[in-house]
Every structure is written in C-alpha cells, then in structure tokens.
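S.K.: Have a look at this fold, sequence not included:
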C-alpha cells in the first residue's frame with residue numbers, strides 16, 4: 001500500500017506526443033492572430049499664414065477626454081504663430097481659436113472634419129529694434145540739418161550741465177512715443 005502512495009507523490013512530468021514533433025498552441029493555423037486597434041479621431045487642417053496659402057495641409061489627431069479637441073498649442077509651436085483663427089478662403093479671417101492651459105481647443109471638432117485655419121506669426125525682435133534705430137538716425141539727421149547750432153531753448157534748459165547732443169534728444173523722443181503707445185492700454189485698464 002505504501003508503494004501505491006509513493007508512486008502518486010512526485011514531480012509532474014510532461015509527456016510529448018511522438019507523432020507531432022512541433023506542438024502548436026494555436027489549434028487553427030489558418031487564422032491570423034487577433035490584434036486590437038483603436039482609431040484615433042483626426043481632422044484635416046488647411047493652414048494659412050495671414051490669409052495667404054495654404055502653407056500646409058496636414059492631419060492632426062484630436063485629444064481630450066472625449067477625443068474632440070484640437071491640439072492648438074502644437075500648431076502654434078510648430079509654425080511659430082502667436083495665435084490662430086478660423087478661416088474661410090472666400091470671406092477671410094474669422095474668430096480666434098481659443099484654447100485652455102493644456103493647449104487644447106475649447107470648442108469640440110468632429111472626426112474627419114476639414115478645418116481652415118489662419119495663423120498670425122510671432123513678432124520678430126529685429127523689426128522693432130531696427131525701427132527704433134532707424135528712427136533715432138533720421139531724427140538725429142533732421143535735428144542736425146535744421147539746427148546748425150544747438151537751439152537756444154536747449155541751452156537755457158541746461159539739463160545735463162552742458163550741451164545736449166541731438167542724438168540724445170532723438171532717443172528721448174522715440175522712447176517717449178514708444179512708451180506712450182505701450183502704456184495707453186495699461187492706463188485704460190486701471191481706469192486712469
């Protein structure tokens with residue numbers, strides 16, 4: 001009786017069928033393995049720059065919880081735009097496309113839609129600096145040609161304890177006008 005118990009206790013050994021040397025876990029070899037694919041919703045975007053173009057036509061995937069929001073921040077970064085607008089090639093630019101902090105549009109879009117977008121490029125730093133330098137040069141040249149000598153009212157002011165060169169006056173005029181343009185909205189904002 002003890003021999004029977006000892007024969008049942010032990011390791012489990014795997015037995016191979018000698019007639020089939022390559023065992024296949026898939027009983028039906030004609031069937032392709034199953035894969036799961038999720039379809040990402042996409043929209044086709046026709047991108048314009050200041051109403052000219054289209055400069056690019058591409059597909060963009062929609063994001064967000066419901067997969068219906070346009071990835072606005074990616075478009076702004078890729079094409080160096082400061083803002084984008086809804087666009088109709090026949091009538092022109094429409095309302096700006098607003099987006100949240102996460103970079104996705106506020107308004108939803110449907111899968112497969114064709115969207116026309118117009119972008120406003122970022123302002124270059126070279127352009128305002130060039131304008132300021134050119135303005136200083138022109139005003140300095142005008143002051144020196146119009147007044148061979150320093151004007152008497154400038155000598156009477158004697159702000160710096162000596163003669164005031166014309167280029168300093170030109171710089172003051174340009175800086176004053178630039179500051180006035182930039183602070184006009186700020187003053188209105190605070191109600192002054």
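M.R.: Sure, I can see it. Small disclaimer: the values here were computed from a predicted structure and weren't measured.

S.K.: wait, what's in contact with the nearest residue to residue 75 once chain neighbours are set aside?
M.R.: Take residue 75 and drop its neighbours on the chain: the residue closest to it by CB to CB, 6 or more residues apart in numbering is residue 84, 6.3 Å away. All C-beta atoms are positioned from the backbone trio N, CA, C, and that covers glycine. Shown in contact with residue 84 (CB atoms under 8 Å, 6 or more residues apart in numbering): 72, 75-76, 96-97, 117-120.

S.K.: Provide the strand pairings for the helix or strand hosting residue 84, with the direction of each partner.
M.R.: Taking DSSP states H and E as the criterion, residue 84 maps to strand 81-88. Here strand 81-88 has these sheet partners by DSSP bridges: strand 92-96 (antiparallel), strand 114-121 (antiparallel).

S.K.: Nearest approach to residue 39 belongs to which of these?
M.R.: With CB to CB as the measure, strand 114-121 is the member of the strands paired with strand 81-88 nearest residue 39 (17.8 Å).

S.K.: which is the next helix or strand following that closest one?
M.R.: In N-to-C order, the element after strand 114-121 by DSSP H and E is helix 126-146.

S.K.: residues of that following helix that come out buried?
M.R.: Buried residues in helix 126-146, counted by 16 or more other CB atoms under 10 Å: 135-136, 139-140, 143.

S.K.: Dump those to JSON lines, plus distance to residue 125 and pLDDT.
M.R.: Listed next are the buried residues of helix 126-146 as JSON lines, based on distance: CB to CB, whole Å; pLDDT from 0 to 100:
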{"residue": "135", "distance to residue 125": "16", "pLDDT": "78"}
{"residue": "136", "distance to residue 125": "17", "pLDDT": "76"}
{"residue": "139", "distance to residue 125": "22", "pLDDT": "76"}
{"residue": "140", "distance to residue 125": "23", "pLDDT": "70"}
{"residue": "143", "distance to residue 125": "27", "pLDDT": "70"}
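
S.K.: So which of those is the closest to residue 177?
M.R.: Of all the buried residues of helix 126-146, residue 177 sits closest to residue 135, with 8.7 Å by CB to CB.

S.K.: Contact partners for the closest one?
M.R.: For residue 135, the contact set (CB under 8 Å, 6+ apart) comprises 170, 174.

S.K.: what's the distance between it and residue 174?
M.R.: As judged by CB to CB, to the nearest Å, residue 135 and residue 174 stand 5 Å apart.
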